[in-house]
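Engineer: here is a sequence with its predicted model. Questions after.
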Amino acid sequence: MDVTAPVAAIGRSTLRSLAALGRVSIFTAQTLRHILIPPYYPREIWHAVIAIGWLSLPVVGMTAVFTGAALALQIYAGSGRFGAESVVPQIVAIGMTRELGPVLGGLMVAARVASSIAAEIGTMKVTEQIDALVTLSTNPMKYLTAPRVLAATLTVPVLVAVGDAIGIMGGYLVGTTRLGFNEAAYLKNTFDFLQFWDVGSGLVKGAAFGFLIALMGCYHGMNSGRGAQGVGAAVKAAVVASSVLILASNYLLTEAFFGS
């Protein structure tokens, strides 16, 4: 038995991981360069804004309203052990704006958008449409990747803001109809407690999540394997990668914003 086999396996896995990290880093740098340097494709950007932002609004809204409602019930039940039921409006507001709104909204957009982008670009690669763009002297990164990443970075914060408002409204409806809170007092406690950075930090997170979602969708689509199986693997990898990156970057941003 070769005693070095486990060490060799770990080494191969480490090298593959470092190689993948390098490829993603190069792809990210190229994407940023194409976003910052003209020419631009306004029609592609507008189509991406509609596909990523407007068409994601229903699922983000439904997720937010039920999350806010469930959060109000959970906080009321938990705070009841300490006789602190009155904090429900404040905790629902801060929980939605700082964490649950951006993270759950980002994950829902990742499930919908990263998979869609990866499938679209992967299919274009399989059917040689990307090669046709190169033949027509059109840079695929400039035409396909940059508009989608830019649109996601701009629209996901808007989705987060809308999701925050809907989630707080969900908590308000449960609090006033099921938990016996006064309508005016609930709203007053919510708005008196919230600070600008509570909302602003969530919007910054939304921009970061949107960038990562579109970046992973484009990266895995561009590197899709041949055939239906390759496109399917690219879609799965895009959703998994964007979801994990959302959770990891959420911790890093929370540490940066509120760690001290």
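Structural biologist: Received, thanks. Numbering: from 1, shown residues only.

Engineer: every contact and neighbour count from this point should use C-alpha atoms.
Structural biologist: Fine.

Engineer: can you tell me the closest non-neighbouring residue to Ala241?
Structural biologist: Using C-alpha to C-alpha, 6 or more residues apart in numbering and skipping residues adjacent in sequence, the residue nearest Ala241 is Met216, 6.7 Å away.

Engineer: buried stuff in the host helix or strand of that neighbour?
Structural biologist: Following DSSP states H and E, one finds Met216 within helix 196-222. Across helix 196-222, burial judged by 16 or more other C-alpha atoms under 10 Å covers 198-199, 201-222.

Engineer: can you count the residues close to Ala151?
Structural biologist: By other C-alpha atoms under 10 Å, 23 other residues sit near Ala151.

Engineer: roughly how far apart are it and Val126?
Structural biologist: The spacing between Ala151 and Val126, counted by C-alpha to C-alpha, to the nearest Å, is 25 Å.

Engineer: re the thing from before, now do the contacts for the residue nearest to Ala241.
Structural biologist: Contact analysis of Met216 by C-alpha atoms under 8 Å, 6 or more residues apart in numbering lists 114, 118, 238-239, 241-242.

Engineer: average pLDDT for the helix or strand harbouring Ala146?
Structural biologist: When elements are assigned from DSSP H and E, Ala146 belongs to helix 146-177. Taken as a whole, helix 146-177 has a mean pLDDT of 94.

Engineer: same check, this time on stretch 182-199
Structural biologist: The model assigns stretch 182-199 a mean pLDDT of 88.

Engineer: what's the answer for stretch 81-100, then?
Structural biologist: For stretch 81-100, the mean per-residue pLDDT is 86.

Engineer: same question for that stretch: list its buried residues.
Structural biologist: Residues of stretch 81-100 classed as buried by neighbour count (16+ other C-alpha under 10 Å): 85, 87-100.

Engineer: same question, stretch 64-79
Structural biologist: Buried-residue list, stretch 64-79, by 16+ other C-alpha under 10 Å: 64-73, 75-76.

Engineer: tell me which residue lies nearest the centroid of this structure.
Structural biologist: For the chain, the residue nearest the mean C-alpha position is Gly106 (2.8 Å; C-alpha atoms, centre = their mean).

Engineer: mind checking which of the contacts of Met216 land in helices?
Structural biologist: In this view, the contacts of Met216 that belong to helices under DSSP state H are 118, 238-239, 241-242.

Engineer: residues contacting Arg23?
Structural biologist: Contacts of Arg23 by C-alpha under 8 Å, 6+ apart: none found.

Engineer: kindly recompute the last result at 10 Å.
Structural biologist: Arg23 makes contact with 17, 29, 219 under the criterion C-alpha atoms under 10 Å, 6 or more residues apart in numbering.

Engineer: need the three-state assignment for the residue nearest to the centre of the chain.
Structural biologist: helix (DSSP: H, G, I helix; E, B strand; the rest coil).

Engineer: picking that back up, and the helix holding Met216, how far from the chain's centre?
Structural biologist: Taking C-alpha atoms, centre = their mean, to the nearest Å, the mean C-alpha location of helix 196-222 is offset from the chain mean by 5 Å.

Engineer: kindly report the same for stretch 251-260.
Structural biologist: The mean C-alpha position of stretch 251-260 is separated from the chain mean by 17 Å, C-alpha atoms, centre = their mean.

Engineer: and that stretch, what's buried?
Structural biologist: Going by 16+ other C-alpha under 10 Å, stretch 251-260 has these buried residues: Leu253.

Engineer: could you dump it to PDB, C-alpha only?
Structural biologist: The C-alpha trace of stretch 251-260 is given here as PDB (Å, rounded to 0.1, in the frame of the first residue of the first chain):
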ATOM      1  CA  TYR A 251     -20.600  37.100   7.100                       C
ATOM      2  CA  LEU A 252     -17.600  39.100   5.900                       C
ATOM      3  CA  LEU A 253     -19.700  42.200   5.200                       C
ATOM      4  CA  THR A 254     -21.500  41.900   8.600                       C
ATOM      5  CA  GLU A 255     -18.200  41.600  10.300                       C
ATOM      6  CA  ALA A 256     -16.900  44.700   8.500                       C
ATOM      7  CA  PHE A 257     -20.100  46.700   9.200                       C
ATOM      8  CA  PHE A 258     -21.000  45.700  12.700                       C
ATOM      9  CA  GLY A 259     -18.100  43.600  14.100                       C
ATOM     10  CA  SER A 260     -16.700  46.400  16.200                       C
END
